[in-house]
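when you get a sec, could you give me coordinates for this:
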Amino acid sequence: MRSLLVFVCSILAASANAGLINYTDEAFFLADAGTGLTLIDFDSATGSTTSYTESGVTFATNGTEADAIVIGDYASTGSSQIFSNYFVNNLIITFAGAGINAFGSDIFSLFSGSTLSFELLLSDTTTEVVTVDSADGYFATILDGGNYITQVTVNSLSAQAEGLDNFYFGTVAASTPSTSVTEPATLGVLALGLSGLVGLRRRQR
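The predicted model follows:
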């Protein structure tokens, strides 16, 4: 029974959403994704704008302000990041090219830590939503199953300014995950239930 508990927990750790392999570690993501990803590091631009486009990817918001997007070292990391300038706005990433099934980025929430929601619009018009703590500092995903990612909306659930840096994207083959984002509540409940079964079996002995 103990081995069953370990086995089921390891399976659940593979993905928190159907078809998605999610990461909070850049090294694991890049190891699984392999070569061929494109990197946008935002170091070639500074200032404010309505939107920013590089390598076929447009970064914008759901607002109409002339300075809706700001680029600079607002997180004091020594390199530039891209942020939604208005806390009520979401950061929206749109891929011009078809076939994108993987992306990863450093993630930021200015002034206060926040849970960030990543809503992925897929090529079949369905959506997948993943939530990540900004304190993790990184989020990436690889989409299996034949669909592709057309747009990503990043939303701070506590209305902070969402930011990204070192944004990788591209098309990769199906991958076996090295590490991932899990759903704590679901995983914890199942693990607790299986632990109970282990205890019951011990008592029955």
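
right, and residue 60 touches residue 94 too?
Yes - judged on CB atoms under 8 Å, residue 60 makes contact with residue 94 at a distance of 7.2 Å. All C-beta spots, glycine's among them, are computed from the backbone N, C-alpha and C.

ok, those two, which is more surrounded?
Summary of the neighbour comparison: residue 60 and residue 94, criterion other CB atoms under 10 Å, with residue 60 having more neighbours (19 against 16).

lowest-pLDDT helix or strand in this structure?
Between all helices and strands in the chain, the lowest mean by mean pLDDT, DSSP states H and E belongs to helix 2-12, at a mean of 42.

any weak-confidence spans in this protein?
In the predicted model of the chain, residues 1-18, 174-205 satisfy pLDDT under 70.

domains of the chain?
Segmentation of the chain into domains, based on automatic domain parsing, reads 1-16+182-205, 23-180.

highest mean neighbour count out of those domains?
Ranked by mean neighbour count under mean count of other CB atoms under 10 Å, the domains of the chain are led by domain 23-180, which reaches a mean of 18.

and the nearest residue to residue 164 once chain neighbours are set aside, bridged to which residues?
Nearest residue to residue 164 in three dimensions, chain neighbours excluded: residue 105, at 4.4 Å (CB to CB, 6 or more residues apart in numbering). With DSSP bridges as the criterion, residue 105 is bridged to residue 139.

from what I see, residue 105 and residue 163 are in contact.
No - the pair residue 105 and residue 163 fails to qualify as a contact (CB under 8 Å) at a distance of 9.2 Å.

mutual contacts of those two, please.
With contacts taken as CB atoms under 8 Å, 6 or more residues apart in numbering, not a single residue reaches both residue 105 and residue 163.

could you pull out the strands for this structure?
Counting by DSSP state E, the segments of the chain that form strands are 20-23, 38-40, 47-49, 52-54, 57-61, 69-72, 81-84, 91-95, 102-110, 115-122, 127-133, 138-143, 149-156, 161-170.

show me the contacts for the most centrally placed residue in the chain.
Nearest to the mean C-alpha position of the chain, counting by CA atoms, centre = their mean, stands residue 139 at 3.6 Å. When contacts are counted by CB under 8 Å, 6+ apart, residue 139 is found next to 22-24, 104-105, 107, 116, 118, 130, 132, 181.

again, 7 Å this time
24, 104-105, 107, 118, 132 (CB atoms under 7 Å, 6 or more residues apart in numbering).

closest to residue 77 among those residues?
Each of the contacts of residue 139 was checked against residue 77 using CB to CB; the closest is residue 107, at 12.0 Å.

dump the residue contacts of the closest one.
Applying CB under 7 Å, 6+ apart, we find residue 107 in contact with 116, 132, 134, 137-139, 164.

against residue 50, how distant is it?
22 Å (CB to CB, to the nearest Å).

coming back round to it: with distance to residue 146 added, can I get the contacts of residue 139 in TSV?
Below are these laid out as TSV (distance: CB to CB, whole Å):
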residue	distance to residue 146
24	25
104	20
105	24
107	27
118	20
132	25
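
okay, and the beta partners of residue 61?
Beta-bridge partners, per DSSP bridges, of residue 61: residue 91.

which residues touch the residue lying closest to residue 104 once chain neighbours are set aside?
Beyond its immediate neighbours in the sequence, the residue positioned closest to residue 104 (CB to CB, 6+ apart) is residue 140, lying 2.7 Å away. In this structure, residue 140 makes contact with 23, 29, 103-104, judged by CB under 7 Å, 6+ apart.
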